[in-house]
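Kindly generate the corresponding structure for this input.
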Amino acid sequence: MSVLKVCIIALTEQGLILANRLNSLVENSEVLYKPKPFTQTVQEHFKQGHRLIFISATGIVVRTLAPVLQDKYKDPAVLVLDEQGEFVIPLLSGHEGGANDFAATIANKINAKLVQTTAKAYVKPIYTIGLGCERNCPISFVQSLITQALFDANLELSQIKSINSIDIKADEQAFMALSTLLNIPFNTFDVPTLQTVEDQLSIKSDYIFQTVGVYGVAESSALCGASKITGNESELVLNKIKNTKATVAIARSYP
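This is a model prediction of the structure:
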């Protein structure tokens, strides 16, 4: 039985240190440091069925591999690690592709925490909601959209740690009322802070940018809200959904 090739992809010098460490511990592995052209190189290894270990942000992995994903029965295992090697996330093909077991093996080798989202989670994520709306939007439009968002993301309201928006919405009556009604903190962020997560938005609205200075309020504020709680990077788990008067997005971050 042949041993699957493992590509360890690092994008920073700190990540390279961990990559070289893994290379010495993982059979039939090789290190790819800042491969060029990045997208083409990574996608080609993926299409060849090679297992991939990324030492990078999860968002980079998702955006790079999205065009070549097939299904959980054909895609190879993909793991994501942080630069410090504290966490190991089986991102793709957890069960059928063996990513869960592979991640557990890697976590054991480097004494890291396994973050397994397909089954029992060892580290529970923090979830936050981002909100946008027309001025003086009726609370019913926002509340119904939150209910829909939670359903779409398969989450319970009890899992949401904060609701968030842009600072010009700090006095939005619907948002303040929902914070009280749901007993969830309401935070707002200024434009420079929201701009720090611009590259993670699922879609960028020029109209919103011209109006308030950021390309998306709901997604940006959800991402910033999650990072504010954990102090770590965040990612979208539900891209913004909307009705005629409001938008809602959900993000998460790991402590």
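
all contacts plus neighbour counts: C-alpha atoms, from now on.
Fine.

Can I get stretch 102-121 in CSV, CA atoms only?
These are the backbone C-alpha positions of stretch 102-121, laid out as CSV (Å, rounded to 0.1, in the frame of the first residue of the first chain):
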residue,chain,number,x,y,z
PHE,A,102,-4.7,12.7,10.3
ALA,A,103,-5.2,15.9,12.3
ALA,A,104,-5.3,13.9,15.5
THR,A,105,-2.0,12.3,14.6
ILE,A,106,-0.4,15.6,13.8
ALA,A,107,-1.7,17.2,17.0
ASN,A,108,-0.3,14.3,19.0
LYS,A,109,3.1,14.6,17.3
ILE,A,110,3.5,18.4,18.1
ASN,A,111,1.4,18.5,21.3
ALA,A,112,-1.2,20.7,19.8
LYS,A,113,-5.0,21.0,20.4
LEU,A,114,-7.2,19.3,17.8
VAL,A,115,-10.1,21.5,16.7
GLN,A,116,-12.5,19.0,15.2
THR,A,117,-15.7,20.6,13.9
THR,A,118,-17.2,17.5,12.3
ALA,A,119,-17.5,15.7,15.6
LYS,A,120,-16.6,16.4,19.2
ALA,A,121,-14.9,19.8,19.4
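
Now do that stretch, average pLDDT.
Regarding stretch 102-121, the rounded mean pLDDT is 77.

ok, now stretch 168-177?
Stretch 168-177 comes out with an average pLDDT of 96.

Stretch 214-225 too?
Average pLDDT, stretch 214-225: 96.

residues in contact with it?
The contact list for stretch 214-225 (C-alpha atoms under 8 Å, 6 or more residues apart in numbering) reads 128-132, 162-166, 187-189, 191, 193-195, 197-198, 201, 203-209, 234-236, 239-240, 247-252.

how far does that stretch sit from the chain's center?
Its chain's average C-alpha position is 13 Å from that of stretch 214-225, according to C-alpha atoms, centre = their mean, to the nearest Å.

Now do the buried residues in stretch 53-64.
53-58, 61 (16 or more other C-alpha atoms under 10 Å).

same deal with stretch 103-114?
103-107, 110, 112-114.
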